[in-house]
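J.: Sequence first, predicted model second:
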Amino acid sequence: MENSKWLSTVASIWIQITSGATYTFGIYSATLKSSQGYDQTTLNTVSVFKDIGGNVGVLAGLLYSAVTSSSRFGSGLWLVYLAGAVQFFTGYFLIWLSVTGVIDRPHVLLMCLFMFMAAHAQTFF
């Protein structure tokens, strides 16, 4: 019984950490704007894709429905969390790589895709 309380606490903390990530856009948007050479209109476009990604949770629901209908995945919840975690990491990691200059500055539409992916991941939690 005690183990499940700690597991619930840790899971709740991780959910809170990932759910608030899109609200921090104002903190790193100036760095994103200066490092990528964006004007305010371009930054607003990237921000719109962040908002769309955070509000379109259809894929998470479809994945959960698909894996719970099949008994070979157990409850299937772990698969949905894993898909969200991979998507979250990939999106923000690619943004970080481009901001720090590790990869060449991507096209704006590619940056919008990175932002969409990172924000869309919160719908999996």
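T.: Arrived safely.

J.: mind listing what's buried in whichever strand or helix holds Thr31?
T.: Assigning secondary structure by DSSP states H and E places Thr31 in helix 25-36. Residues 25, 29, 32, 36 are the ones in helix 25-36 that count as buried (16 or more other C-beta atoms under 10 Å). Heads up, the C-betas are built off the backbone N, CA and C, glycines and all.

J.: Kindly report the same for stretch 42-55.
T.: 42-43, 46-47, 49-50, 53-54.

J.: Residues contacting stretch 52-66, please?
T.: 22, 76-77, 79-80, 83-84, 115-124 (C-beta atoms under 8 Å, 6 or more residues apart in numbering).

J.: CA atoms only for it, dumped as CSV, please.
T.: C-alpha atoms of stretch 52-66 as CSV (Å, rounded to 0.1, in the frame of the first residue of the first chain):
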residue,chain,number,x,y,z
ILE,A,52,-2.6,24.4,-31.3
GLY,A,53,-0.4,21.5,-30.1
GLY,A,54,-1.5,22.0,-26.5
ASN,A,55,-5.1,22.0,-27.4
VAL,A,56,-5.4,19.1,-29.9
GLY,A,57,-5.4,15.9,-27.8
VAL,A,58,-7.2,13.7,-30.3
LEU,A,59,-4.1,11.5,-31.0
ALA,A,60,-3.6,10.8,-27.3
GLY,A,61,-7.2,9.7,-27.0
LEU,A,62,-7.1,7.5,-30.1
LEU,A,63,-3.9,5.8,-29.0
TYR,A,64,-5.3,5.1,-25.6
SER,A,65,-8.5,3.7,-27.1
ALA,A,66,-6.5,1.5,-29.5
